[in-house]
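Here is the input, now give the coordinates:
(2 chains)
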Amino acid sequence: MSTPVDPRSGRFDAIVKLLQVAMVLTGVCAAIGAFITGPVADAAQLATVGVLLIAPLSRVTWLIGRWFHRGDPKYALVGTGVLAVMLLGTVLSR
Amino acid sequence: MVLGFVAACAGSLGGIGGATLLVPALLVAGFEPSAAAPIGLMVVAAGSLAAAGRQLDEGLVHHRLGLTVELAASVGVVSGALVSTSLPEKLLAGVLALAAAVGAVAALSRKGIRNRPVPSFGEEAVTGEWPGTLGGQYRMGDAIVPYQAIRVPLGMLLSLGAGLVAGLSGVGGGFLKTPAMSEVMHVPAKVAAATSTFTLGLTAATGLLVFAGQGRLELQDGCAAVVGALVGGLAGARFQTRISPTASRQLTGVLLIVVAVVVALRAVLG
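Purely as a prediction, here's the structure:
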């Protein structure tokens, strides 16, 4: 008898691919930002920070949408709360 | 960059984040705490990103638990980052050393494995978190180990403290979050380490947003550390799934003792 197929297998494929792309992008931008100078390096440094910020935010946003969609609003609201605190911190720091 | 690699590799193995080791090293190398903190959080974010794909594939990350504790931690990191510019350096170093020592005691104080495999859970059992709960199951060898997080309010309170330390010093706070999840909330060590690594990315992003608003980001140094951290984080995450929970916990404890001693000596000796 063959092993049953995991019904939830592949559920993270999309976000795993996104995170892998983000990781490669971060590595390339960070290497450019660290080892060369000039406007390209400046842009690469900003891009590095940008990707490091966007990647976890995208993951949480994806989870929130998934949980709302699949009837788990309690934890979707918890995730929304985390994003709200991040927004509040950004506003207070200025 | 070399410091970033070594720190991220060792930090991923113990689930404590690379900056726990990197920030003390930067302070010893002569960086000001206000400059070391953003570099530390960039490394934390990169290490979390590097480990994410593999840990998701392994079904080790409990996202609901991670976001629950992160809700408290994010309040702490915002508070810590906002007040860090007005506190003396020795106080910041003292906070970091004390927190590392507490984390070391928590990691080393327990012997054995709390969560045991359940033989009735066969090959058809699905690893990962159970929807709508803070419980789940993970694969340990050929067996399935179920678990359920307990003492959630206390775990959140400790995460608030971890976030505060992260915002004050620029370390991720994983060295507090991981023991809080494993020792206080009774989550298996490997799940706690992976979930902690997930939350560290959010903690770092929150802190970086505040530091950016304060104009404290040192981008070129940060990028050099990130290059090392990405490679180190990948290596650490690969080995994290191969070592036993006990070894993972002991490694965490030893690393934290080293951090506590180095930071305390620097604070005392100036």
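
Tell me how far B:Tyr138 lies from chain A.
Note on B:Tyr138: its distance to chain A, by C-beta to the nearest C-beta, to the nearest Å, is 13 Å. (Glycine included, C-beta is placed from N, CA and C.)

Assign that residue to helix, strand or coil.
strand (DSSP: H, G, I helix; E, B strand; the rest coil).

residues near it, how many?
24 (other C-beta atoms under 10 Å in any protein chain shown).

Would you check that it makes contact with B:Tyr147?
Yes - counting by C-beta atoms under 8 Å, B:Tyr138 touches B:Tyr147, with 7.5 Å between them.

And the residue of chain A that's closest to chain B?
Nearest residue of chain A to chain B: A:Ser93, at 2.8 Å (C-beta to the nearest C-beta).

Can you read off the backbone torsions of that residue?
Per-residue torsions, A:Ser93: phi -80, psi -10 (degrees, to the nearest 10).

Tell me who's in contact with it.
Taking C-beta atoms under 8 Å, 6 or more residues apart in numbering or on different chains as the criterion, A:Ser93 is in contact with B:Ala81, B:Leu82, B:Leu209, B:Val210, B:Phe211, B:Ala212, B:Gly213, B:Gln214.

hmm, back to that, identify the contacts common to B:Tyr138 and B:Tyr147.
B:Pro188, B:Val191.

buried sites along stretch B:133-146?
If you call a residue buried by 16 or more other C-beta atoms under 10 Å in any protein chain shown, then stretch B:133-146 has these buried ones: B:Leu134, B:Gly135, B:Gly136, B:Gln137, B:Tyr138, B:Arg139, B:Met140, B:Ile144, B:Val145, B:Pro146.

Check the average confidence over that stretch, would you?
For stretch B:133-146, mean pLDDT is 83.

what about it, start to end distance?
13 Å (C-alpha to C-alpha, to the nearest Å).

And the pLDDT at B:Val44?
B:Val44 is assigned 89 on the pLDDT scale.

where do the strands sit along the chain?
Picked chain A for this. In chain A, no strands are defined using DSSP state E.

Wait, chain B was what I had in mind.
Secondary structure of chain B (DSSP E): strands located at B:128-129, B:135-140, B:143-148.

which of the contacts of A:Ser93 are buried?
Buried subset of the contacts of A:Ser93 (neighbour count, 16+ other C-beta under 10 Å): B:Ala81, B:Leu82, B:Leu209, B:Val210, B:Phe211, B:Ala212, B:Gly213, B:Gln214.

Kindly identify which of the residues you listed also come near chain A.
Taking C-beta under 8 Å from any C-beta of the partner chain as the test, chain A is in contact with B:Ala81, B:Leu82, B:Leu209, B:Val210, B:Phe211, B:Ala212, B:Gly213, B:Gln214 out of these.

possible to save the residues you listed as CSV with pLDDT?
Below are these laid out as CSV (pLDDT from 0 to 100):
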residue, pLDDT
B:Ala81, 94
B:Leu82, 94
B:Leu209, 96
B:Val210, 96
B:Phe211, 95
B:Ala212, 95
B:Gly213, 94
B:Gln214, 93
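
returning to what we had before: now the residue of chain A closest to chain B. Nearest residue, chain neighbours left out?
Distances taken as C-beta to C-beta, 6 or more residues apart in numbering or on different chains place B:Gly213 nearest to A:Ser93, at 2.8 Å, with adjacent residues excluded.

mind listing what the spatially most central residue of chain A touches?
Chain A has A:Ala55 as the residue nearest its centroid, 2.2 Å off, counting by C-alpha atoms, centre = their mean. Contact analysis of A:Ala55 by C-beta under 8 Å, 6+ apart lists A:Leu18, A:Leu19, A:Ala22, A:Met23, A:Thr26, B:Ala45, B:Leu49, B:Ala52, B:Gly201.

Equivalent analysis for A:Tyr75, please.
Counting by C-beta under 8 Å, 6+ apart, A:Tyr75 has contacts A:Trp67, B:His63, B:Arg64, B:Leu67, B:Thr68, B:Gly132.

For the contacts of A:Ala55, work out which two are farthest apart.
Pairwise distances across the contacts of A:Ala55 (C-beta to C-beta) peak at 15.3 Å, for the pair A:Leu18 and B:Ala45.

List the buried residues for the helix or strand of chain A with the lowest mean pLDDT?
Counting by mean pLDDT, DSSP states H and E, the weakest-scoring helix or strand in chain A turns out to be helix A:13-35, with a mean of 91. Of the residues in helix A:13-35, A:15-16, A:18-19, A:22-23, A:25-27, A:29-34 count as buried by neighbour count, 16+ other C-beta under 10 Å.

Show me what it is packed up against.
Contacts defined by 3 or more C-beta pairs under 8 Å, 6 or more residues apart in numbering or on different chains; DSSP states H and E place helix A:13-35 against helix A:39-69, helix B:33-58, helix B:219-240.

Quick one: distance of the second one to the chain centre.
Looking back up the chat, that one is helix B:33-58. Here helix B:33-58 is found 9 Å from its chain centre; the criterion is C-alpha atoms, centre = their mean, to the nearest Å.

next one: the longest one
Centroid separation between helix A:39-69 and its chain, computed with C-alpha atoms, centre = their mean, is 5 Å.

and what of the shortest one?
When distances are taken as C-alpha atoms, centre = their mean, helix B:219-240 is centred 14 Å away from the chain's centroid.
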